[in-house]
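Student: the following block contains a protein sequence and its predicted model.
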Amino acid sequence: MSDFYIPEQGCAVNSYMMRSIFMGVALLFNFHCFSQTLTPQQALEDLNTLQRNLRDFHPGFYRYTTTDSMAYYFKMTQKRVKKSQKVTDLYKEVTYLLSKVRCGHTRPSLPRAVNDAFKANQPFLPLAVKYLSKRLVIERTHENGELERGDEILSINGKSTVAVTKEIFEHLSADGFIETGKYRLTERYFCYYYQLYITPDIDRYRLTVKKLDGREVEVSLMGETWEALENLDPPAAERAVLRLEHREGYSYMKIGTFVRYYLNGTDLDYKDFLESSFAELKEKGSKHLILDLRGNGGGDDNYGALLVSYFDKAPFRYFERIEVTDHYEGYGEIEKQEGRRLMTSHKGLSTWQPQANRFAGKVYVLTDGRSFST
């Protein structure tokens, strides 16, 4: 199976271990640990440092969750830290807390050594799954003749898949109350998340499954090693895609990423692609354009603004404002305006002009749960 999910854009939390937090427009938390277990004092110190740094540096810390509620969540988490525990146990507490911030860029990742040890020492549910609406169905299986693609999983070890999904979601960061990204992320790493968040160390799984013909059956599976499940991995989506096609009645544009270094490793030039593509659309007199941003996890803000400039008919600003906290002393020029500390030097705050070859026809934008950020 693939390594644990690393977001294309995100932020990092330094745990005990947590020496500093870096803040910008996005907050990046990277969780650094030097052992597999923590004392209660170490865990509490980490949680206190996390709370203090979020309060001091995250400009949206209380945007969706009130001050009192956030304090309550931290207090309840701190009460649960009563004894020495695995780093993975503290990690679960941290992911729970960060999910309450409701910022998709604020997410942690396990230290590589801890993550590698977890994958080496745990059995995993030998299935690849997919959500169809809220139904969890089997996509691929690992050498099990009783199950087939399309079978719906109703429960695992007596817990409904609705309850399992809800519990996993409590540990995943997303903007506001959006769940589409959580569904896509959960189906991609379901066996990993189940073992980490639901029942660590379990090696047998009792599934209630609804077959394609409507029958409900009980199936028992033994856990498999991480390496044994490599055949369940879907092929990695190609990110470095910039493509324009003309079809009957419409044109189609695919932009797979806004991450500069993904494109730099190819012969693709983002600015040249947009310039030549929109000149071509104008020359051909295209009236309808499908803009496909499915799977695009974001990247360079200025790439997003440049794309908008090929559609907007009036001058615009990509950001209304970029607000930072009183403790922020990082990148950019900062000014105090109407009680706020605002960054004034980001290019996204400039006025962008419409392009001469802007597209004036009908635009249809395709997005999915993996479309994010820029």
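Tutor: Noted; the coordinates are in hand.

Student: what residues sit buried inside stretch 121-135?
Tutor: 122-131 (16 or more other CB atoms under 10 Å). For every residue, glycine as well, the C-beta is placed using N, CA and C.

Student: just the terminal-to-terminal distance for it.
Tutor: Length of stretch 121-135, first residue to last, CA to CA, to the nearest Å: 30 Å.

Student: same deal with stretch 261-281?
Tutor: Terminal-residue distance, stretch 261-281 (CA to CA): 27 Å.

Student: surely L242 meets L263?
Tutor: Yes. Using CB atoms under 8 Å, L242 is in contact with L263, at 7.3 Å.

Student: who's more crowded, those two?
Tutor: L263 (23 against 18; other CB atoms under 10 Å).

Student: in which helix or strand does the more buried one reside?
Tutor: Following DSSP states H and E, one finds L263 within helix 260-264.

Student: other residues contacting that helix?
Tutor: The contact list for helix 260-264 (CB atoms under 8 Å, 6 or more residues apart in numbering) reads 239-240, 242, 256-257, 269-270, 299-300, 303.

Student: what about burial for those, which qualify?
Tutor: Listed as buried from those are 239, 242, 256-257, 270, 299-300, 303; burial here means 16+ other CB under 10 Å.

Student: out of those residues, list just those in helices.
Tutor: Secondary structure from DSSP state H places 270, 303 of the buried ones among the contacts of helix 260-264 in helices.

Student: of the buried ones among the contacts of helix 260-264, which belong to strands?
Tutor: Within the buried ones among the contacts of helix 260-264, residues falling in strands by DSSP state E are L242.

Student: possible to save the buried ones among the contacts of helix 260-264 as a markdown table with pLDDT?
Tutor: Listed next are the buried ones among the contacts of helix 260-264 as a markdown table, based on pLDDT from 0 to 100:
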| residue | pLDDT |
| --- | --- |
| R239 | 86 |
| L242 | 96 |
| G256 | 96 |
| T257 | 95 |
| Y270 | 96 |
| G299 | 94 |
| D300 | 93 |
| Y303 | 95 |
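
Student: with the buried ones among the contacts of helix 260-264 in mind, which one is nearest to R321?
Tutor: Nearest to R321 among those is D300, at 19.4 Å by CB to CB.

Student: which residues touch the closest one?
Tutor: 258-260, 374.

Student: 10 Å - rerun?
Tutor: D300 sits next to 9, 257-261, 263, 270, 306, 373-374 when contact means CB atoms under 10 Å, 6 or more residues apart in numbering.

Student: domains in the chain, by residue range?
Tutor: As assigned by automatic domain parsing, the chain contains the domains 22-120, 122-232, 242-315+353-366.

Student: that older thread, which of the buried residues of stretch 121-135 fall within strands?
Tutor: Using DSSP E, those in strands are 127-131.

Student: name the nearest of those relative to I153.
Tutor: Using CB to CB, V129 is the member of those that lies nearest I153, at 6.9 Å.

Student: quick check: bridge partners of the closest one?
Tutor: The partner list for V129 in beta bridges (DSSP bridges) reads I138.

Student: quick check, pLDDT for it.
Tutor: Listed pLDDT for V129 reads 96.

Student: same check, this time on R149
Tutor: For R149, pLDDT reads 94.

Student: my read: it touches K130, true?
Tutor: Yes. Here R149 reaches K130: they are 9.3 Å apart, a contact under CB atoms under 10 Å.

Student: shared neighbours, those two?
Tutor: By CB under 10 Å, 6+ apart, R149 and K130 have these common neighbours: 137-140.

Student: excluding covalently adjacent residues, which one is nearest to L172?
Tutor: K182 (4.8 Å; CB to CB, 6 or more residues apart in numbering).

Student: nearest to R80 among the contacts of helix 260-264?
Tutor: Of those, the one sitting nearest to R80 (CB to CB) turns out to be G299, at 37.1 Å.

Student: what sits against the closest one?
Tutor: With CB under 10 Å, 6+ apart, G299 has these contacts: 8-9, 239, 257-263, 270, 372-374.

Student: show me what it is bridged to.
Tutor: Here G299, judged by DSSP bridges, has bridge partners F258.

Student: burial count for P200?
Tutor: When neighbours are defined as other CB under 10 Å, P200 has 15 of them.

Student: I meant L291, not that one.
Tutor: Here the number of neighbours of L291 (other CB under 10 Å) works out to 17.

Student: what's the helix or strand for the residue nearest to it when sequence neighbours are not counted?
Tutor: Spatial nearest neighbour of L291, excluding adjacent residues (CB to CB, 6+ apart): V365 at 4.9 Å. Using DSSP H and E, V365 maps to strand 362-366.

Student: gap between that strand and the chain center?
Tutor: Taking CA atoms, centre = their mean, to the nearest Å, one finds the center of strand 362-366 at 24 Å from the center of the full chain.

Student: state the mean pLDDT of that strand.
Tutor: In the prediction, strand 362-366 has an average pLDDT of 98.

Student: show me what that strand is packed up against.
Tutor: Judged by 3 or more CB pairs under 10 Å, 6 or more residues apart in numbering; DSSP states H and E, the packing partners of strand 362-366 are strand 250-255, strand 288-292.

Student: identify the residues contacting it?
Tutor: So strand 362-366 is contacted by 250, 252-254, 286-296, 310-311, 371 (CB under 10 Å, 6+ apart).

Student: what about 8 Å?
Tutor: Strand 362-366 has contacts (CB under 8 Å, 6+ apart) with 287-294, 311.

Student: export it to CSV, keeping only CA atoms.
Tutor: Only the C-alpha atoms of strand 362-366 are listed here, as CSV (Å, rounded to 0.1, in the frame of the first residue of the first chain):
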residue,chain,number,x,y,z
LYS,A,362,-20.3,29.2,-21.1
VAL,A,363,-18.0,27.5,-18.5
TYR,A,364,-18.8,24.3,-16.7
VAL,A,365,-16.4,23.4,-13.8
LEU,A,366,-15.9,19.8,-12.7
